[in-house]
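Undergrad: Got a predicted structure here, sequence first:
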Amino acid sequence: MSIKPEYFEYLEHIGSSVTLREFATNLDQPNLITLRHDVDHDIDLALEMSFWEKERGIRSTYFLLHGTDYWDTPLFITKALQIQDFGHEIGLHVNVLSEWMRGKVDSVFKTLEGILEGLRQAGLRVCGISSHGDPLCYQNQFINYWCFSELKPDNPIKTESGLTAEGIPSTDQIRSISYPLSHKIKRGDRSQFPLWSISMEELGIIYDATHTSYDGYFTDSHGSWRHLKNPLRMDLSEGRFQILIHPEHWRGDLKIYFFLSTARSGSKWLSNFLDKATPLCSRHEFSLNHRFENGKLVSEKRTAHGFRYLSGRQDEVRKLLIDSRIWIESQNQDFAETNVYLERFLPTLREVFPEAIFVHLHRDPKDVVRSIMNRKWYDTPEDDKHPEMEVEDWESLSQFEKACWYVRLTNQSLLGSCSAPIVFDIIVHDFKCLGQTLSALGIAVFPRLGEKPFKQIINSNIVNEFPAYSKWKDEHVVLYQGIMWPVIMALGYEVSYGGSSYVQSLGALLKKYVLKRLQHQRNLQENTHKEHQVKKLANIEFRARKTREFFSKGCKIKVTEKGLVIIPSRKTHAFCVLGGGTWYKLRQNQGWLSKIGSHIRGELEAICTGDGFFQLFCLMYDKKGMQIEKVSLGQFRQGDVELKFSYRPRAQANRFNLAIYMNMNEMPESLMLKSLSVEEIFD
């Protein structure tokens, strides 16, 4: 969760502060404030707190508690170093006498020596301590700093009684500790520990928090200032003051961000960065692709095949968004989602997430269009995976025109719906700019955690048949500019195209294109009643086939009177190849021949049982019969009857095959294939 807004009132009131080390060693300075944090439970909240303090010029000391759950996490040291990098001090929140009392350690000195050595070898400059108020301190009557010889007062029986476990005077009898007359503490196995017997100097410790010189001490113990005065109501301009704030008491309300964009605009890269380098739990395209069933979160890809079907079912969309919200609220962490599909459902999204912050992520449109073309959007008339835009004569538009209109209209919608923009072209190359942009949105960024994800290349195109903008055909340039120029200007990219003078230079090309486009429209009208040439490639009734015709792995297959039954072993991923050959290789005449200038459409009839699903894959092979690419054609789960699919062959593919694939983590109990129809359509 984020930090309460009230916390920032304290930072503003404090104005500036120093670390406890500076406070303890600069006794000649009469007016100083030191801010201290005892991190009892949540280092992530402390890390976020340290960022915002750094942004406001506040320097403080974070005392990290050994023996906590966060102490042994993989990124503990990295997070502690990040707090130190922000200009703060790292200290040790000592709880060693409590661990001794519980029997977890026998040598108090060696335990502290090992802890401090490990921290220092990692690069943490630890020289100060504070005592943890463990419940055992009150139960067994001791304070954790009583082990240090340098802190022993002249008369501990007199001066150490009546203190809290933090070492400050208490007016609450329940939170008051009595010093033992024996100067020893005992545990259940009758072992005794002599108090004041360990040297701070030998451990390299130069101060204890409560044994520094101050005029005023404030603590929010147990989440309030009820034991001492509230520093927000005190004049801190003159005097030496120590303020103790526990991060866990300042956890704020849930914050939700949606980073919305067109496809191929860096959304997956940004989500990975947000999840790894900020306080946010970030997911890429989470909503609509998960549902709750019997109290469990179930993954179900809905923003791929059949997306247009989902677009027309607003009630179902609303239910899926509510399911997402239930999961998000259960995470106890601020949340971000990057999503290229939710723009289609903005009114419903705002209804379910009224307090969310909506951010428009965008990229130079020419790069988006190129990437979409290489991802084969709108490559067949039967394409149901991608949004259909409200453009006149949509079905008659070329693949390139559809891509351009999608990019234009989606960006225009987001320009009018989001509160802030993020420019992918800039942030992907400039870490500092990325940090400043996210900070302006109220999101802390941790450079130590962000170095690796910032440099990662995620979800890049494998196929790059469609060239870069500088190599586009004149027809594509004119089409692109004619459709895209309004949004190019609205997004601020016009300078990179040469501005208005560049548009004027397109006049001749535009005239040439208009004539060509008019001829294209005449051809469409003339061919309205002409049917496309259709060639049947396969018409398989699986019940009439032999088991040996299908190659399978990780599953058992059996031909029955009703069809081909496939039962996965559930020990590994499983697949069954339908057109002969194996997953990775075809021999001559296996699979089906690919032809440029045509596209494939088909229909698979099947029955699936259990909670999982299977995918239908198209496998592509070169002239030597080696697999060069695979494309998912759709998912099938219990309740589905048929899977309709379409596919346009890649230029480099000589043959293709179809295969059933089952992921080990989401397998159905069984499935039965009844029939498969495959046709080749010549455009």
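TA: Perfect, I can see it now.
Undergrad: okay, now the domains of the protein?
TA: Structural domains assigned to the chain are 5-250, 256-526, 533-682, following automatic domain parsing.
Undergrad: low pLDDT regions in the stretch 351-500 of the chain?
TA: Residue ranges of the stretch 351-500 of the chain with pLDDT under 70: 461-463, 499-500.
Undergrad: In it, mark out all the helices, start to finish.
TA: For the stretch 351-500 of the chain, the helices defined by DSSP state H, counting those that start in this stretch occupy 365-374, 399-415, 424-427, 431-440, 447-455, 474-491, 499-505.
Undergrad: cool, and the stretch 101-250 of the chain?
TA: Under DSSP H, counting those that start in this stretch, the stretch 101-250 of the chain gives helices at 108-121, 135-140, 156-159, 200-203.
Undergrad: can you pull the buried residues of the third one?
TA: I take that to be helix 156-159. residue 156 (16 or more other CB atoms under 10 Å). The way it works is simple: take the backbone N, C-alpha and C, and place the C-beta from them, glycine included.
Undergrad: Please save the CA atoms from that helix in PDB.
TA: Only the C-alpha atoms of helix 156-159 are listed here, as PDB (Å, rounded to 0.1, in the frame of the first residue of the first chain):
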ATOM      1  CA  PRO A 156      21.100   0.900  36.800                       C
ATOM      2  CA  ILE A 157      18.700  -0.300  39.500                       C
ATOM      3  CA  LYS A 158      17.600   3.200  39.900                       C
ATOM      4  CA  THR A 159      17.800   4.700  36.400                       C
END
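Undergrad: follow-up on the earlier one: among the helices of the stretch 101-250 of the chain, which is nearest residue 347?
TA: helix 135-140 (50.9 Å; CB to CB).
Undergrad: Okay, buried residues for the closest one please.
TA: Here helix 135-140 shows 136-137, 140 as buried, counting by 16+ other CB under 10 Å.
Undergrad: could I get those as JSON lines with pLDDT?
TA: Converted to JSON lines, the buried residues of helix 135-140 look like this (pLDDT from 0 to 100):
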{"residue": "136", "pLDDT": "96"}
{"residue": "137", "pLDDT": "96"}
{"residue": "140", "pLDDT": "96"}
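Undergrad: which residues are contacting stretch 95-107?
TA: Applying CB atoms under 8 Å, 6 or more residues apart in numbering, the external contacts of stretch 95-107 come out as 65-67, 108, 111-112, 131-132, 134, 136-137, 140, 142-144, 146-147, 185, 187-189, 191, 193.
Undergrad: Out of those, list just those in strands.
TA: 65, 131, 185, 193 (DSSP state E).
Undergrad: Can you tell me which of the residues you listed is nearest residue 358?
TA: When those are ranked by distance to residue 358 (CB to CB), residue 65 comes first, at 38.3 Å.
Undergrad: Quick one: classify the nearest residue to that closest one once chain neighbours are set aside as helix, strand or coil.
TA: Take residue 65 and drop its neighbours on the chain: the residue closest to it by CB to CB, 6 or more residues apart in numbering is residue 93, 4.0 Å away. Residue 93 falls in the strand class when you classify it by DSSP: H, G, I helix; E, B strand; the rest coil.
Undergrad: To residue 80, which of the helices of the stretch 351-500 of the chain lies closest?
TA: Per CB to CB, nearest to residue 80 of the helices of the stretch 351-500 of the chain: helix 447-455, 9.8 Å.
Undergrad: Now the buried members of the contacts of stretch 95-107.
TA: Buried among the contacts of stretch 95-107 by 16+ other CB under 10 Å: 65-67, 108, 111-112, 131-132, 134, 136-137, 140, 142-144, 146-147, 185, 193.
Undergrad: Now render the helices of the stretch 101-250 of the chain as CSV, adding distance to residue 368.
TA: Shown next, in CSV, are these (distance: least, CB to CB, whole Å):
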stretch, distance to residue 368
helix 108-121, 47
helix 135-140, 57
helix 156-159, 71
helix 200-203, 58
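Undergrad: among those, which is nearest residue 412?
TA: Comparing these by CB to CB, helix 108-121 comes nearest, at 53.4 Å.
Undergrad: just checking, what packs against the closest one?
TA: Under the contact criterion of 3 or more CB pairs under 8 Å, 6 or more residues apart in numbering; DSSP states H and E, helix 108-121 touches strand 89-94, helix 96-101, helix 200-203.
Undergrad: Of those, which is nearest residue 443?
TA: Proximity to residue 443 (CB to CB) singles out strand 89-94 among the helices and strands packed on helix 108-121, at 23.6 Å.
Undergrad: what residues does the closest one touch?
TA: Residues outside strand 89-94 that contact it (CB under 8 Å, 6+ apart) are 19-21, 38-40, 59-66, 80, 83-84, 112, 115-116, 119, 124-132, 144-145, 205, 209.
Undergrad: Average pLDDT for it, rounded please.
TA: The pLDDT scores in strand 89-94 average 98.
Undergrad: That strand pairs with which strands, parallel or anti?
TA: Strand pairing for strand 89-94, determined by DSSP bridges: strand 60-65 (parallel), strand 128-131 (parallel).
Undergrad: worst-scoring helix or strand of the chain, pLDDT-wise?
TA: Ranking every helix and strand in the chain by mean pLDDT, DSSP states H and E puts helix 507-526 at the bottom, with a mean of 56.
Undergrad: Could you verify that residue 601 is part of a helix?
TA: No - under three-state DSSP, residue 601 sits outside any helix and is assigned strand.
Undergrad: does the spatially closest residue to it that is not a sequence neighbour count as helix, strand or coil?
TA: What sits nearest to residue 601 in space, not counting adjacent residues and going by CB to CB, 6+ apart, is residue 646, at 4.3 Å. Following three-state DSSP, residue 646 is assigned to strand.
Undergrad: which residues touch residue 646?
TA: Here residue 646 is in contact with 380-383, 599-602 (CB under 8 Å, 6+ apart).
Undergrad: Straight-line length of stretch 559-569, end to end?
TA: Terminal residues of stretch 559-569 are spaced 17 Å apart (CA to CA, to the nearest Å).
Undergrad: How about that stretch, which residues are buried there?
TA: Buried-residue list, stretch 559-569, by 16+ other CB under 10 Å: 559, 563-568.
Undergrad: Save those as JSON lines, and put in secondary structure and distance to residue 678 too.
TA: Listed next are the buried residues of stretch 559-569 as JSON lines, based on DSSP: H, G, I helix; E, B strand; the rest coil; distance: CB to CB, whole Å:
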{"residue": "559", "secondary structure": "strand", "distance to residue 678": "20"}
{"residue": "563", "secondary structure": "coil", "distance to residue 678": "17"}
{"residue": "564", "secondary structure": "strand", "distance to residue 678": "16"}
{"residue": "565", "secondary structure": "strand", "distance to residue 678": "21"}
{"residue": "566", "secondary structure": "strand", "distance to residue 678": "19"}
{"residue": "567", "secondary structure": "strand", "distance to residue 678": "25"}
{"residue": "568", "secondary structure": "strand", "distance to residue 678": "24"}
